[in-house]
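[1] Need a 3D model of the sequence below.
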Amino acid sequence: MNKFAFGAALAVLTAAIPTAASAQRLSPAIVAVVDIARVSAECNACRTAGTQIQQQLQQLQQRATALRQPLQTEAQGIQTALTAAKGNPDAALEARIQAYQTRETAANRELSGTEQNLRSIEAHVNQQIGQRLTPIINQVMQSRGASIAIGKGATLAVSPSLDVTADVLALLNQQLPSVSVTPLPQQAQPQQPQPQGR
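    From the prediction side, this is the model:
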């Protein structure tokens, strides 16, 4: 009796599986491909911002050279003096070492702050472009009837008819002609409660 009930249940379950599978069938995907590297290289706002960031990077490199060359010269002089003093610096040499270390710390702090500022500018530029790029890609997907968009870098081969990069690029240039080449806005600091006077 149990074998019959089990066999009947198995038959009902087997008959139900094709129905469940057909209910879960997905519609065919229409794919759009976007070459993000090309968009980043060719969009007007991207090129302008990239040029400005490159100029700031060159200025940082020039400033680093201007700060480090005198420090290297001073370090060599201190090393020569330490060798002459056989590792036992007098008070004047100690003061010279201390002054060198202070200048080196200040130079490193300045360069680190400028590098951090430059990274923040780059992140802000990328953020602005990214905020416009996603809705534009969605808009192009909708106009082309695509159900999915993938980056060209994630594919092995792509039919040119699936590539919507030119459409994305045209809309990005139209909707985002420029970006702010400034550091990321800082989060607003929460205001400290003011003491209540009586």
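[2] Give me the contacts around stretch 109-118.
    53, 56-57, 60, 63-64, 67, 183 (Cβ atoms under 8 Å, 6 or more residues apart in numbering). Yep, even glycine has a C-beta here, placed from its N, CA and C like the rest.
[3] Just give me how far that stretch sits from the chain centre.
    How far stretch 109-118 lies from its chain's middle: 17 Å, per Cα atoms, centre = their mean, to the nearest Å.
[4] Also stretch 55-65?
    Centroid separation for stretch 55-65 versus its chain: 21 Å, with Cα atoms, centre = their mean.
[5] Would you mind putting the CA coordinates of it into CSV?
    Taking Å, rounded to 0.1, in the frame of the first residue of the first chain, the C-alpha atoms of stretch 55-65 are listed here in CSV:
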residue,chain,number,x,y,z
GLN,A,55,48.6,69.3,-15.1
GLN,A,56,48.2,69.1,-11.4
LEU,A,57,50.1,65.8,-11.3
GLN,A,58,53.0,67.4,-13.2
GLN,A,59,53.0,70.4,-10.7
LEU,A,60,53.1,67.9,-7.8
GLN,A,61,56.1,66.1,-9.4
GLN,A,62,57.9,69.4,-9.9
ARG,A,63,57.1,70.4,-6.3
ALA,A,64,58.4,67.1,-5.0
THR,A,65,61.7,67.5,-6.9
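[6] Look through the protein and tell me its longest helix.
    Counting by DSSP state H, the longest helix found in the chain is helix 91-144.
[7] what's the model's confidence in that helix, averaged?
    What helix 91-144 shows for mean pLDDT is 94.
[8] immediately after it, which helix or strand?
    strand 148-151 (DSSP states H and E).
[9] Can you name every helix or strand that that following strand contacts?
    Counting by 3 or more Cβ pairs under 8 Å, 6 or more residues apart in numbering; DSSP states H and E, the packing neighbours recorded for strand 148-151 are strand 31-34, helix 91-144.
[10] Please identify the deepest-packed of these.
    Using mean count of other Cβ atoms under 10 Å, the stretch among the helices and strands packed on strand 148-151 with the largest mean neighbour count is strand 31-34, at a mean of 21.
[11] dump the residue contacts of the residue nearest in space to the middle of the chain.
    Among the residues of the chain, Ala123 comes closest to the average C-alpha position under Cα atoms, centre = their mean, at 5.5 Å. Residues in contact with Ala123 (Cβ under 8 Å, 6+ apart) are Leu184.
[12] Against Leu171, how distant is it?
    23 Å (Cβ to Cβ, to the nearest Å).
[13] where are the low-confidence patches of the protein?
    Residues of the chain that meet the criterion pLDDT under 70 lie in 1-24, 187-198.
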